[in-house]
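Visitor: test case, fold it:
(one chain, ligands or ions: 2)
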Amino acid sequence: MRCFCCSSLSFEQCCKPFIDGIKVPDSAEQLMRSRFSAYAVHNYDYVLNTYSNDKQQGLSAQQLKDSADGANWFALTIHRPSKKQQNDDTVEFTAFYFENKNVFQLHETSLFIKENGVWRYHDGTLHDDCGKVKYGRNLPCLCASNKKFKQCCALKAR
Ligand SMILES: [Zn+2]
Ligand SMILES: [Zn+2]
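Guide: Ligands and ions are numbered 1, 2, ... in the order given. Below you'll find the model as predicted:
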């Protein structure tokens, strides 16, 4: 199965080892991708644990679950890859999800920082085009599968 983060790798070769705690992401982009995949598999402990120390204060996995569980995340596009900076880095992306069978997008520029040598998500700035999108059923799927949307992720709409 192709990874949830829409890379060309399988889940096992891409985000799963990070989510399982077997490997540590060595770039902000890898961490960003693995957090998206964690949302896709509803692993909110991983999402929580990859926030910066500051942001983890007052957050719980249950809160993350409550705010995200209605969304069915299905595709990710990275617009501006990280610059592979040493101590902090930004990644601009759009994440797509279904809610009540409608397509929504979250377009964000995220800030990642390194704490004790490990990348963490600190915060993000949302762009103006977040929200519901009309996406044509005959267009190429947002997950970059080279299939039409109606023959690919649209089948997962719920
Ligand atoms: Zn991945
Ligand atoms: Zn698709």
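
Visitor: and the residue nearest the centre of the chain, how close does it get to Gln63?
Guide: Geometric centre of the chain, nearest residue: Phe36, 2.1 Å, by C-alpha atoms, centre = their mean. Phe36 is 18 Å from Gln63, where distance means C-beta to C-beta, to the nearest Å. Just so you know, the C-beta spots here come from the backbone N, C-alpha and C atoms, and that holds for glycine as well.

Visitor: check Phe96 too.
Guide: 23 Å.

Visitor: more neighbours: which of those two?
Guide: Phe96 (23 against 12; other C-beta atoms under 10 Å).

Visitor: list the contacts for that one?
Guide: Neighbouring residues of Phe96 by C-beta atoms under 8 Å, 6 or more residues apart in numbering: Trp73, Phe74, Ala75, Leu76, Thr77, Val103, Phe104, Gln105, Leu106, Val133, Leu142, Cys153.

Visitor: also His79?
Guide: Glu92, Phe93, Thr94.

Visitor: my guess is the first one meets Arg80, correct?
Guide: Looking back up the chat, that one is Glu92. Yes - counting by C-beta atoms under 8 Å, Arg80 is a contact partner of Glu92 at 4.1 Å.

Visitor: any shared contact partners between those two?
Guide: Thr109.

Visitor: who's more crowded, the two?
Guide: Glu92 (18 against 11).

Visitor: that one and Ser7, how far apart?
Guide: Using C-beta to C-beta, one gets 17 Å for the distance from Glu92 to Ser7.

Visitor: what do you get for Ala71?
Guide: 21 Å.

Visitor: check Asp26 too.
Guide: 15 Å.

Visitor: give the pairing partners of the strand ranked longest in the chain; include direction for each.
Guide: If you go by DSSP state E, the chain has its longest strand at strand 102-115. Applying DSSP bridges, strand 102-115 is found paired with strand 88-99 (antiparallel), strand 118-126 (antiparallel), strand 131-133 (antiparallel).

Visitor: most tightly packed of these?
Guide: Highest mean neighbour count among those (mean count of other C-beta atoms under 10 Å): strand 88-99, with a mean of 19.

Visitor: who touches Ala157 in this structure?
Guide: Residues in contact with Ala157 (C-beta under 8 Å, 6+ apart) are Asn72, Phe98, Lys101, Val103.
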